[in-house]
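**Q** Quick one, structure for this:
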Amino acid sequence: MRLIVHGQQAFGKSVLEAILEKGSDQIAAVYCAPDKGPKMDPLKEYALEKGLEVRQPKSYKDPEVWEQMKSLEADLCVMAYVTLYVPEEALNTPRLGSIQYHPSLLPMHKGPSSINWPIIFGAKKTGLSIFWPDKGLDTGPILLQKEVEIGPDDTLGSIYFDSLYPMGVEAMIESIELVRSGNAPKQVQDPDAGSYEGWCRKDDVKIDWTKAAGEVYNLIRGANPQPGAWALHEGKQLQIYNCKLKPEVSGEPGVISSIDDESFTVAADQGSISVSRVKLEGEGKTSAAEFVAGHGISVGDKLG
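**A** So this is what the prediction gives:
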């Protein structure tokens, strides 16, 4: 088939690499996000290395962009990490339409931060969906889904890089084969089912130490590495990354109850959080031990 590959960053590059390695299809063109700085997008850079045509529209609501896409006479558009809104006029330009990767089990967790929220909410599983996008936000019929367990120590980073990223690349290739064979499902989503959450931003991940320690732990895990759950230390934001949940109740919420060679422990409700890696506003990431030594942290200090 003639394919349009539409995506960005490392995931988009990996999907394009996998398609070229399989060697079954011709790439009509590669679409990626507009340039945002001097560093070239990995997908764009790789596509140019392979001598492929690269297009970077600022908007997909432009009829001229639709005509350009139609002129490619593509059979299918493969959307691998697309953040710009793409209307149906563009989605339907290929003969067989478009398929898209989404890192959740639709219809749950529609929206742009679909890996963060299940971890923050304490879910035990998540997954990925390949679906046929329509005019809604992650609402189109489902082609294929794969589940992933969320372990008690998993973070946003581990779930994505260890599971949803590699499985997503494989699922895209599997989905292309299903489309080629004419056996690709189109399971309509229940419009009244599931959930939608917006971006997980810094304001969403401020730590409230009066909450149950398990909730605090899930918040930190779900925001690690982005956007980074945080508390206040002497008026500055202290982002907390690597940590462990401890069942022991160790004092007033937010108070540092103990310090050892590798971590410091902060009390919450019904338990505590043992912190081993942090980043203070204006500084780089560092170990808890380096932070304690460099800032004179003592037992009894309180994080806001």
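
**Q** for the stretch 101-250 of the chain, what spans make up the strands?
**A** For the stretch 101-250 of the chain, applying DSSP state E, counting those that start in this stretch gives strands covering 125-131, 142-149, 230-233, 236-240, 243-246.

**Q** What are the buried residues along the second one?
**A** Along strand 142-149, the positions that meet the burial threshold by neighbour count (16 or more other Cβ atoms under 10 Å) are Ile142, Leu143, Leu144, Gln145, Lys146, Val148. From N, CA and C alone the C-beta is placed, and that goes for glycine too.

**Q** same thing with the first one?
**A** Of the residues in strand 125-131, those buried under the neighbour-count criterion (16+ other Cβ under 10 Å) are Thr126, Gly127, Leu128, Ser129, Ile130, Phe131.

**Q** Looking at these, spot the one nearest Ala267.
**A** Nearest to Ala267 among the buried residues of strand 125-131 is Thr126, at 29.7 Å by Cβ to Cβ.

**Q** The closest one contacts His109, correct?
**A** Yes. Taking contacts as Cβ atoms under 8 Å, Thr126 lies within contact range of His109: 7.4 Å.

**Q** Now for those two: what residues contact both?
**A** Residues touching both Thr126 and His109 (Cβ atoms under 8 Å, 6 or more residues apart in numbering) are Pro118.

**Q** can you map out the helices along the stretch 51-200 of the chain?
**A** For the stretch 51-200 of the chain, applying DSSP state H, counting those that start in this stretch gives helices covering 63-71, 88-91, 116-120, 156-159, 165-181.

**Q** Now distance to Ile256 too, for the strands of the stretch 101-250 of the chain, in TSV please.
**A** TSV is the format used below for the strands of the stretch 101-250 of the chain (distance: least, Cβ to Cβ, whole Å):
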stretch	distance to Ile256
strand 125-131	33
strand 142-149	33
strand 230-233	10
strand 236-240	11
strand 243-246	13
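
**Q** Using a markdown table, lay out these together with mean pLDDT.
**A** Compiled in a markdown table, the strands of the stretch 101-250 of the chain are given as follows (pLDDT from 0 to 100):
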| stretch | mean pLDDT |
| --- | --- |
| strand 125-131 | 98 |
| strand 142-149 | 98 |
| strand 230-233 | 97 |
| strand 236-240 | 98 |
| strand 243-246 | 98 |
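
**Q** Pro185 is nearest to which of the ones you listed?
**A** Closest to Pro185 of the strands of the stretch 101-250 of the chain is strand 142-149 (Cβ to Cβ; 5.6 Å).

**Q** Now do the closest one: which elements does it pack against?
**A** strand 125-131, helix 165-181 (3 or more Cβ pairs under 8 Å, 6 or more residues apart in numbering; DSSP states H and E).

**Q** Since that was my last question, I'll sign off now.
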